[in-house]
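> Sequence plus predicted model, see below.
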Amino acid sequence: MTDKTEEKPTIDAAVTAPWLRFLKDVEPFRPELYRYCRHLTRSPWDAEDLVQDTLARAFVTLGCHGDHIENPKGWLVRVATNLWLNQLKRAREIATPDPAAHREARAEEPRDTREASGTLIGRLAPQERAAVVLKDVFDFTLEEIAEALSTSVGAIKAALHRGRGKLTDPELEMGTSTPPAVLDAFADAFNRRDLEGLTALLLDTAIADFPGLAVIYGAQATKNGPLRGVLFGDPSSDRGGIAPQYRRGVLPQPPRVELRMHRGEPILVAWFGHQDGEAVRALTRFEVEGDRVKKFTTYLHQPEVIAEICTEMGVPFKTNGYSHVW
């Protein structure tokens, strides 16, 4: 008689399947969720961060409470709004560490301004922006906006009255800078398929972030995972990749990369060969410490970000959908 050991599901396997189902279910709402976050943050990068945070918070909330969501779009907007307002609150708390001084400043505001803020965090401006975006861009009713912003219809009317016209606020300005030499070296090593050279440019504690897909910690793990896979492929891997409908016409060769400036920031663009010519399919941002890379973030399954940045840079692009095929 042969003993059979019962296989127990691992934690990651138990979470991955529901997470992928959740992402598939919310995919129809992703374009408008990004547009909303883009209006709030005025930055494509911050907008995508807010989208990812919103999806993660929404998934956890559903797992904890299991509530039936009658209006998924409105619910995601509400989650995004609350996260954004909390981010603004934390930023203000850092800038104003003395709560008493902050309360005194709030007390000096006109009463109608304070009341218009309702139960929302912070001053009127964030509520104004969210209310105007939801009303004038997404055509939400006053009642839907009040529910999304956790306040009253009266407060929303006041916010709209004060807020219209403020959507002409300029885009957040980015500083101008010269790309650090390490980024030129990174691009050169990548194009030479120099895996060891690439790894040497990373801090030992470097982080490789692929939003919505994976976060890799450490230079060696990054080397043996995403860098090796992109440069040389991994025929034995069953980790999947871009969905087939987005890979039509792609040539079976590693991409080439180049540094380009976008609003004063160096961005690594990845050119993929296609039967009809080259096109950008991925963008990478960097955080540098000294003469090495502390973190890089690669945008692969963020079609809105890729489309917006590439359009501004005037380069051809193709997108990869929202989901990685496992």
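Right, received. Where do you want to start?
> Using PDB, list the CA coordinates for the longest helix along the chain.
In the chain, with assignment by DSSP state H, the single longest helix is helix 72-95. Once side chains and other backbone atoms are set aside, the C-alpha atoms of helix 72-95 remain, and they are given as PDB (Å, rounded to 0.1, in the frame of the first residue of the first chain):
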ATOM      1  CA  PRO A  72     -19.400  48.400  -9.700                       C
ATOM      2  CA  LYS A  73     -18.400  51.600 -11.500                       C
ATOM      3  CA  GLY A  74     -19.700  53.900  -8.800                       C
ATOM      4  CA  TRP A  75     -18.200  51.700  -6.100                       C
ATOM      5  CA  LEU A  76     -14.700  51.800  -7.700                       C
ATOM      6  CA  VAL A  77     -15.000  55.500  -8.000                       C
ATOM      7  CA  ARG A  78     -15.800  55.800  -4.300                       C
ATOM      8  CA  VAL A  79     -12.900  53.600  -3.400                       C
ATOM      9  CA  ALA A  80     -10.500  55.700  -5.600                       C
ATOM     10  CA  THR A  81     -11.800  58.900  -4.200                       C
ATOM     11  CA  ASN A  82     -11.400  57.900  -0.600                       C
ATOM     12  CA  LEU A  83      -7.900  56.600  -1.200                       C
ATOM     13  CA  TRP A  84      -7.000  59.900  -3.000                       C
ATOM     14  CA  LEU A  85      -8.400  62.000  -0.200                       C
ATOM     15  CA  ASN A  86      -6.500  60.000   2.400                       C
ATOM     16  CA  GLN A  87      -3.300  60.500   0.400                       C
ATOM     17  CA  LEU A  88      -3.900  64.200   0.500                       C
ATOM     18  CA  LYS A  89      -4.600  64.100   4.200                       C
ATOM     19  CA  ARG A  90      -1.400  62.300   4.900                       C
ATOM     20  CA  ALA A  91       0.600  64.800   2.800                       C
ATOM     21  CA  ARG A  92      -0.900  67.700   4.700                       C
ATOM     22  CA  GLU A  93      -0.200  66.100   8.000                       C
ATOM     23  CA  ILE A  94       3.400  65.800   7.100                       C
ATOM     24  CA  ALA A  95       3.500  69.400   5.900                       C
END
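> so where is the protein shaky, pLDDT-wise?
By pLDDT under 70, the weakly predicted segments of the chain are 1-13, 65-67, 94-125, 164-178, 233-241, 326.
> tell me the domain boundaries of it?
The chain resolves into domains spanning 11-168, 181-325 when parsed by automatic domain parsing.
> Mean neighbour count added to those domains, as CSV?
Every residue, glycine included, has its C-beta placed from N, CA and C. Shown next, in CSV, are the domains of the chain (neighbours: other CB atoms under 10 Å):
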stretch, mean neighbour count
domain 11-168, 16
domain 181-325, 16
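> At which residues are the strands of the chain located?
For the chain, the strands identified by DSSP state E occupy 202-210, 214-217, 241-242, 256-262, 265-272, 279-289, 292-299, 324-325, in order along the chain.
> The first one: partners in the sheet, and parallel or antiparallel?
Strand pairing for strand 202-210, using DSSP bridges, gives strand 214-217 (antiparallel), strand 292-299 (parallel).
> Ends of stretch 185-199, what's the gap?
One end of stretch 185-199 sits 11 Å from the other (CA to CA, to the nearest Å).
> ok, now stretch 296-307?
Across its full length, stretch 296-307 reaches 20 Å end to end, with CA to CA as the criterion.
> now what about that stretch, what contacts it?
Stretch 296-307 has contacts (CB atoms under 8 Å, 6 or more residues apart in numbering) with 31, 34-35, 38, 44-45, 47-48, 206-213, 226, 242, 268, 280-287, 317, 319-324.
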